[in-house]
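K.L.:
I need the structure of the sequence given here:
(chains A and B)
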Amino acid sequence: MSVLIKTLGFSFALTLVFTLVTYLLPQVEGEAPVEKDVDLNTLTMDDFIAMGEDLFNNKGTCTLCHKPPPIGRAPDIEGFDMVAVSIERLADERYQGDAKDAAGYILESMVAPSQYVVATWGKKGSNDTESPMPAIDKAPIELSAIEMDAIIAYLQAKDGNEVTVSLPLPEDAAVVADTGSAAPVDGGLPAPAATVDEALGKYACSSCHSMDSADTLVGPGLADVGARLSVEEIRESIVDPNAVITEGFPAAMPADFADKMTVKELDMIVKYLAEKQ
Amino acid sequence: MNRLFDSILPWGKALCWAVLVALLALGVAQAAGDDALSRISPVGMVQVEGEPPIEMPVAVEEEVVEPMVAPRPTRADYPNIGVSSRAIVWVLAQLHLFFAALVLAVPLFVLTIELLGVFTGDERYDSMAHEFMKISLTGFSITAIFGGSLALALFLLYPDFMAYMTHVFGAQLMVYAGLFFLESFFLYTYYYGWNAFRYGNLKWVHLTLGLLLNAAGMTIMVVSNSWATFMMAPSGVNEVGAVIGNIWEVMKGPLWNPINLHRFIANIAFGGAVVGAYAAFKFLSTNDPEKRAHYDWMGYTSNFIAILAFLPLPFAGYWLMAEIYAYSQQMGITAMGGILAWLFIVQAVLIGTILLAGNFYLWAGMSRTDGSERYKGLIKFIAFVLVVCFLIWVTPHTLILSASEIALLGGSHHHILGPLGIMPAKNVAVNLMLVVTFLSFQLYRRSDKVATVSWAPMGNALMVAIYVVAIANIIFLGVYYGYFTNTVYKVGSSVAQVASTLVVIVAGIVIDTLMFKNAKTLPSHWGRIPDRSQYALFALPIAFTWLMGLMGYVRSSVKTHWHVYTVMKDNSPDNFIPTIGYAGNMITIVTVLFLLCVLFMFWVANLSGTRQSKPIAVVEGGVA
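P.N.:
Below is the predicted model of the structure:
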């Protein structure tokens, strides 16, 4: 019995030592991101910038990688004047993106990080053609367009530059909510479209594309898209619009349709477009 | 009896033909009756003379069945039973995994020991292997009990999540259940057939049963691993979680094989450590020299298994982390550089404990042989390196400091200790600890032998040179690439450091095998070891168990607020990463529960060998 008591006592004591070590360390909880209600009617630019800083440090998880050297795994954004740096990169001959100004460059670097990879920071073996950064408008980060604008405002303002993004309007928030850009806290889904017309209306395709002619609105006309593209290419151009961009057009198409559309909606739209010949 | 068969046989044949014909007829009828419309429609329009054409029903276009996307449960969809659902699942899952690891590992090394017994002709190996099986037998039932409880808890507390997982994995779950029948069959025939199939060709039948037992067990492990790795890095589904691939594409995610390898090795180390504690307990409980010798040998063998499996474990862990980074840099940094990074300080304490205990046991074990005197002088240097490296490993990277403390320190990092907090210093420390642990093992193995080959001095010189070059290389790579070049090279240099460590281990085994072939053997006295050394054999399983709990918590937490990363969000009240202190409490609870269950398992194993003496009837005035 004494052996049992001694060995059990030793084992429990050792277990408690390990437990004690955990209490010597900082007690930090990793909160899940919480959607915050922002009253856009009373939002000031200062609030918007502060919101951007909060997103940069928390929900956006930017500071996981963007830290000062030697511990950073991505360029030290907070240490740079990002407006000046953006202008330098836009002038770089390696730059092949579509941005025209600093705000556009910062936005592009968030939604399509591989568009321009800063030298030495590319994925191993990619020769700086592929970025290890995820597109932050997609899962798991899923920032909305308003939230990305807030981050741009913060990055512009922190070094005393003029903020060029505009404050979001209440109508913008309604659009964001309708399209479910940011998954609502209660997890509810917008009702799926029952017909292809409903789906085209729900995702506002005709805002940028003419469905019945070759006229260019923002994007190319789709009257003969079925003759130009295969079914797979049409599908890709919806779920990953930046993979191949029609020559002469900006990368303006939202990249998050894959997250928003149900499989049936996507199938309906693809089938509808494929038949347009 | 033969006549009876003869008379039945023609009827049996006739019956078989009848069944076959009936099945064929049914099949044809079924194929023909599948779609009557499709058989009529090619005929064309049907019209009776003088009557208007009959309207044929138009084939209805088949409705597209929309694949099931991952559900998005609201908080209200999670049943609330008044206590944390996560805590319940945590305890049950961890206990299930502890026992599963044990019962998968024990048959692996039991089979190896049994095979060793066959090749050496030493029956002690066979008896020891049998005893290992005996003490872990109840573990299979305990694993199943916790596994069943876990499944029920998950279906009750996370119904949407389980509905989705069941949908994704489908029939694979039935295959998983079927494997248990196979495993049980091989387990019981292997264990209970031990003495029935002990010699000659029957021994090979027995070994085959052991092999099949292990094959069934390993398949169970890799199948269930695919669920965990799907949750971390889903494959075979699209962005919204709809299944677009077959079951193989769902299973073979980027983290599946790294987890399979890591768990396979870790299970062996864990299993070895647990049965080592059994041997230590039995050693301490008896004064019989013969039994002490037996349990000393059993404890040594268990420790050997545990440490041998433990040495390559960091490399398997490295592969796993590299794959996690390749899959999602964000996930990798959440583990290694985010709030979970603090857990690696605790990991350092645990692995440090394992290495110190393992080394201490080897040094104490040297007292079994008279020839160990030659090497005892080196022990203090090995201990010094272990302690210094351990302290470097536990040095935290950043400290939570008040303003006055920062002012006193002259910055957020101490000017000397600060550089020791980052990864390069820890890579150097870990590799050096592994190298000197192998040195302890090598010295122990040499302590009862004297080399007789002519090139022994040259062999020793070569071995020393390999140690010196490897240690210098590990330190140089860590210091130069860790502190004087870009971050990218830090990761690359750690591969070369690991390679240096592996070179020492492989070269050591090869040189010693050749050099001590036909060596003069010095007497070895099993049982001649201090009692305090046995406590190292208790420290090992406790540290291993705690470590498994800790790393399970890290592995699960890197998914942050997702049930299935990027596909299905966790909206439950427990969708946050708890503090390290809370995790420590949970791990301690499961460790203590596991310890108590293991005690029960050992007690039951010993109960089977105990026989109550027949009561002697006592009558008035004396014995009847």
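K.L.:
Let's see stretch B:417-432 as CSV, backbone CA atoms only.
P.N.:
What follows is stretch B:417-432, C-alpha atoms only, in CSV (Å, rounded to 0.1, in the frame of the first residue of the first chain):
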residue,chain,number,x,y,z
LEU,B,417,17.9,36.5,-22.5
GLY,B,418,15.8,38.1,-25.3
PRO,B,419,17.7,36.4,-28.2
LEU,B,420,17.3,33.1,-26.4
GLY,B,421,13.5,33.4,-26.6
ILE,B,422,13.3,33.0,-30.4
MET,B,423,13.1,29.9,-32.5
PRO,B,424,16.8,29.5,-33.5
ALA,B,425,18.0,29.3,-29.9
LYS,B,426,15.3,26.7,-29.2
ASN,B,427,16.2,24.7,-32.3
VAL,B,428,19.8,24.6,-31.1
ALA,B,429,18.7,23.6,-27.6
VAL,B,430,16.3,20.8,-28.7
ASN,B,431,18.8,19.3,-31.1
LEU,B,432,21.6,19.3,-28.5
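K.L.:
C-terminal to the helix or strand where residue B:133 lies, which secondary structure element comes first?
P.N.:
In this assignment (DSSP states H and E), residue B:133 forms part of helix B:123-157. As assigned by DSSP H and E, the chain's next helix or strand after helix B:123-157 is helix B:159-169.
K.L.:
Show me which positions of that following helix end up buried.
P.N.:
By neighbour count on 16 or more other Cβ atoms under 10 Å in any protein chain shown, the buried set for helix B:159-169 is B:160, B:161, B:164, B:165, B:168, B:169. (Each C-beta comes from the backbone N, C-alpha and C, glycine too.)
K.L.:
Report the angle between the helix holding residue B:133 and helix B:159-169.
P.N.:
120 degrees (axes from the mean of the first three to the mean of the last three Cα atoms, to 10 degrees).
K.L.:
Identify each buried residue in helix B:123-157, please.
P.N.:
Under the neighbour-count criterion of 16+ other Cβ under 10 Å, helix B:123-157 has B:125-126, B:128-140, B:142-144, B:146-147, B:149-150, B:153-154, B:157 buried.
K.L.:
between the buried residues of helix B:159-169, which is nearest residue B:249?
P.N.:
Nearest to residue B:249 among the buried residues of helix B:159-169 is residue B:168, at 11.0 Å by Cβ to Cβ.
K.L.:
List the contacts of that closest one.
P.N.:
Listed by Cβ atoms under 8 Å, 6 or more residues apart in numbering or on different chains, the contact set of residue B:168 reads B:230, B:236, B:237, B:243, B:250.
K.L.:
And it, how far from chain A?
P.N.:
Computed as Cβ to the nearest Cβ, to the nearest Å, the residue B:168 to chain A distance reads 15 Å.
K.L.:
Run the chain-centre distance for the host helix or strand of residue B:581.
P.N.:
Assignment of secondary structure by DSSP H and E places residue B:581 within helix B:580-607. Distance of helix B:580-607 from its chain centroid, counting by Cα atoms, centre = their mean, to the nearest Å, is 17 Å.
K.L.:
Can you name every helix or strand that the helix holding residue B:133 contacts?
P.N.:
helix B:85-120, helix B:159-169, helix B:172-192, helix B:256-285, helix B:289-310, helix B:580-607 (3 or more Cβ pairs under 8 Å, 6 or more residues apart in numbering or on different chains; DSSP states H and E).
K.L.:
what angle separates it from helix B:85-120?
P.N.:
If you take the same axes, to 10 degrees, helix B:123-157 sits at 160 degrees to helix B:85-120.
K.L.:
what angle sits between helix B:123-157 and helix B:580-607?
P.N.:
Going by the same axes, to 10 degrees, helix B:123-157 makes 130 degrees with helix B:580-607.
K.L.:
how near is the most centrally placed residue in chain A to chain B?
P.N.:
Centroid check for chain A by Cα atoms, centre = their mean gives residue A:137 as the closest residue, at 1.9 Å. According to Cβ to the nearest Cβ, residue A:137 and chain B sit 12 Å apart.
K.L.:
Done for today, thanks.
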